[in-house]
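Colleague: need a 3D model of the following:
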Amino acid sequence: MSSGTLTIDLDAIAANWRALNAMSSGETAAVVKADAYGLGVDRVARVLARAGARHFFVAIAEEGVSLRQVLGPDVAIHVFSGHMPGDADMIGDLDLIPMINSLDQMIRHAEALPGHPFGVQLDSGMNRLGMEPTEWDAVRQIALAQNPVMLMSHLACADEPEAAMNAQQLAAFRAMTDDTDVPRCFANTGGILLGSDYHFDLARPGIGLYGGRPYTDARPVVTLDIPVIQCRDIALGEMVGYGTDFTAPRAMRIATVAAGYADGILRAMGPKTSLWAEDTPCPITGRISMDLIGVDITDLGRDPSHLQLLGPHQGIDVLADNAGTIGYEILTSLGARYMRRYIGG
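Modeller: Okay, here's the model as predicted:
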């Protein structure tokens, strides 16, 4: 086997959901967009439903279709992108709940699927999706008369507890919704951690379910073991990889492992990242290429059969810091060539 093995701990995902649910003063949903953050929505959504989740969020209607086929009729599936052109059959036939983002979407939904459930997304300051306060003021009576099942907004800085933006958005969301008597959804993972003022009726954790910041107490979810294809000795002054970026400062032994940026191992993480042989770090040498990475095993004293990129010594957020990105990108970049091994669940 020359492909890496990505191990996904379903029990850890369920435990993370239960812990976040226990922190929340309302009900707790689960965000499973982007194929459950790259980990496989068919397996992940089932274990979350068994853990107790009854509301799920996806990015687009097509994801909602796949999720409905996985989970059946007994859960609510909310679509962040709302009701886009061409979505009516999917929304109607699969009983999806679009989160309406604009007057145009509201008209489209009312004309195509009169009486079908919907929510409204409000922009409390992030300027990404949702109705701005002035637009909401103009349409709110019409919207409320159609009995939306939820009003929601999205925090821009929830992973920064001291950010003034959090309180500003909370005040804006309350100003738009306090007198509506409609269930509200505001908190993502970071919002849950900000405290009960942000929880409202439904919280919707995402990254915290999958072991990422800002939920630092989350159980780790993924490990990644990569096979070694070949080991070789190189002399002082020899070079490794494309562009001759690495020149050996001593006699070394180099292992070449079977993964690269085509597998989601971002080139930018190379200079700061090691792979691990049990408790021994083995630094990446040279550039990460499409399918291969050189690794310094000189101090290991043996030729390993595989090396570990993600595991107890190095989680998704460490790799993200090394690459100048976020754990979300590390997870959702994990490639299709890995053999996926699910444990628990």
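
Colleague: all strands of the stretch 51-200 of the chain, in order?
Modeller: With DSSP state E, counting those that start in this stretch, the ranges of strands along the stretch 51-200 of the chain come out as 55-58, 76-79, 97-100, 119-121, 150-152, 184-185.

Colleague: can you redo these as a markdown table with distance to residue 324 and mean neighbour count?
Modeller: C-betas here are computed from N, CA, C, even on glycine. Converted to a markdown table, the strands of the stretch 51-200 of the chain look like this (distance: least, C-beta to C-beta, whole Å; neighbours: other C-beta atoms under 10 Å):
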| stretch | distance to residue 324 | mean neighbour count |
| --- | --- | --- |
| strand 55-58 | 28 | 24 |
| strand 76-79 | 31 | 24 |
| strand 97-100 | 31 | 26 |
| strand 119-121 | 30 | 26 |
| strand 150-152 | 31 | 25 |
| strand 184-185 | 31 | 24 |
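
Colleague: compare those strands and give me the one nearest residue 212.
Modeller: With distances scored as C-beta to C-beta, the stretch of the strands of the stretch 51-200 of the chain nearest to residue 212 is strand 55-58 (16.5 Å).

Colleague: and the nearest residue to residue 264 once chain neighbours are set aside, how many neighbours?
Modeller: The spatially closest residue to residue 264, leaving aside those adjacent along the chain, is residue 333, at 3.4 Å (C-beta to C-beta, 6 or more residues apart in numbering). Neighbour count of residue 333, defined by other C-beta atoms under 10 Å: 16.

Colleague: from residue 62, how far off is residue 333?
Modeller: 20 Å (C-beta to C-beta, to the nearest Å).

Colleague: and the helices in the stretch 101-250 of the chain, which stretches?
Modeller: 103-112, 133-145, 164-177, 189-194 (DSSP state H, counting those that start in this stretch).

Colleague: which of the ones you listed is buried the deepest?
Modeller: Comparing those by mean neighbour count (mean count of other C-beta atoms under 10 Å), helix 189-194 comes out on top with a mean of 24.

Colleague: by contact count, what packs against that one?
Modeller: Under the contact criterion of 3 or more C-beta pairs under 8 Å, 6 or more residues apart in numbering; DSSP states H and E, helix 189-194 touches helix 10-23.

Colleague: redo that, cut-off 10 Å
Modeller: Under the contact criterion of 3 or more C-beta pairs under 10 Å, 6 or more residues apart in numbering; DSSP states H and E, helix 189-194 touches helix 10-23, helix 164-177, strand 202-203.

Colleague: possible to save the ones you listed as a markdown table with mean pLDDT and distance to residue 190?
Modeller: Output for these, formatted as a markdown table (pLDDT from 0 to 100; distance: least, C-beta to C-beta, whole Å):
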| stretch | mean pLDDT | distance to residue 190 |
| --- | --- | --- |
| helix 10-23 | 98 | 11 |
| helix 164-177 | 98 | 9 |
| strand 202-203 | 98 | 10 |
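
Colleague: how about those in CSV, adding distance to residue 183?
Modeller: Output for these, formatted as CSV (distance: least, C-beta to C-beta, whole Å):
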stretch, distance to residue 183
helix 10-23, 17
helix 164-177, 10
strand 202-203, 6
